[in-house]
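Peer 1: Sequence first, then the predicted structure:
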Amino acid sequence: MPTLGDISGLICAWRRGDPSAEHALFEALYHRLRSIAAQCLRSEPRNQSLGPTALVHEAYLRFRNAERLDIAGTGHFLALAARVMRRILVDRARARRSDKRGGDQTLTEFLDDFMISETDAEEILAVNLALDQLSQRSARQAQLVELRYFAGFSEEESAAAMGISSRTARREWQIARARLREAIDGNRPLG
């Protein structure tokens, strides 16, 4: 298992454009990325048509030009990966709901023995909308939700990745959860 220093070195080399570092980075973090993907999918409706391995591979493809990003370290890289995975799930939900795919008909797609319906897509989009609203109100709380809920970071890991104390992370997490629940349950903007 590579050390944090090794990972940071790979990130730096990748940002400089070293293709072998890109491959080595994803290989070194593959199990953690797969764990994040499983966590992202855990928070989605059960009949998701995408498995953790496919989600990691699709995220990898979206990261191909990420050497231009200012990645501060391993925690930041993993947080970005979680955000990319969430965007993939939202994009897929939007595509399922699109009028181009049958108008007002209820769509059910079958892939690899999994199924996702338009109702599931609505649920994914509702969570995404609530998180976007939270981001407008408090970017730090939205980042904390992405780390804790989607990436599966612990309170301490989230605090370290964000550069805040565990106590602050705990307080912000409680507020963020309440605001998201209110927005999702009430189907109204965060106030």
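Peer 2: That came in fine, so what should we check first?

Peer 1: Do a quick rundown of the helices in this structure.
Peer 2: 4-15, 19-42, 52-62, 74-97, 118-137, 139-145, 155-162, 166-186 (DSSP state H).

Peer 1: Which helix or strand in this structure has the lowest average pLDDT?
Peer 2: Least confident helix or strand, the chain: strand 108-111 with a mean of 35, by mean pLDDT, DSSP states H and E.

Peer 1: So, low pLDDT: which residues of the protein?
Peer 2: Applying pLDDT under 70 to the chain flags the ranges 1-5, 43-49, 64-69, 99-121, 187-191.

Peer 1: Output the helices of the chain in TSV, with mean neighbour count appended to each entry.
Peer 2: (Glycine included, C-beta is placed from N, CA and C.) What follows is the helices of the chain, written out as TSV (neighbours: other Cβ atoms under 10 Å):
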stretch	mean neighbour count
helix 4-15	17
helix 19-42	18
helix 52-62	17
helix 74-97	20
helix 118-137	18
helix 139-145	20
helix 155-162	19
helix 166-186	16
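
Peer 1: Quick check: end-to-end length of stretch 42-62?
Peer 2: 21 Å (Cα to Cα, to the nearest Å).

Peer 1: from now on call the first residue 10
Peer 2: Will do, 10 is the new start, and the previous item becomes stretch 51-71.

Peer 1: Skipping adjacent residues, who's closest to residue 22 in space?
Peer 2: Here the nearest residue to residue 22 in space, its sequence neighbours aside, is residue 30; by Cβ to Cβ, 6 or more residues apart in numbering that works out to 3.4 Å.

Peer 1: Is the one you found in contact with residue 16, as I believe?
Peer 2: No. At 10.6 Å, residue 30 and residue 16 do not qualify as touching, with contact defined as Cβ atoms under 8 Å.

Peer 1: if we can go back for a sec, OK, contacts around the residue nearest to residue 22?
Peer 2: 19, 20, 22, 23 (Cβ atoms under 8 Å, 6 or more residues apart in numbering).
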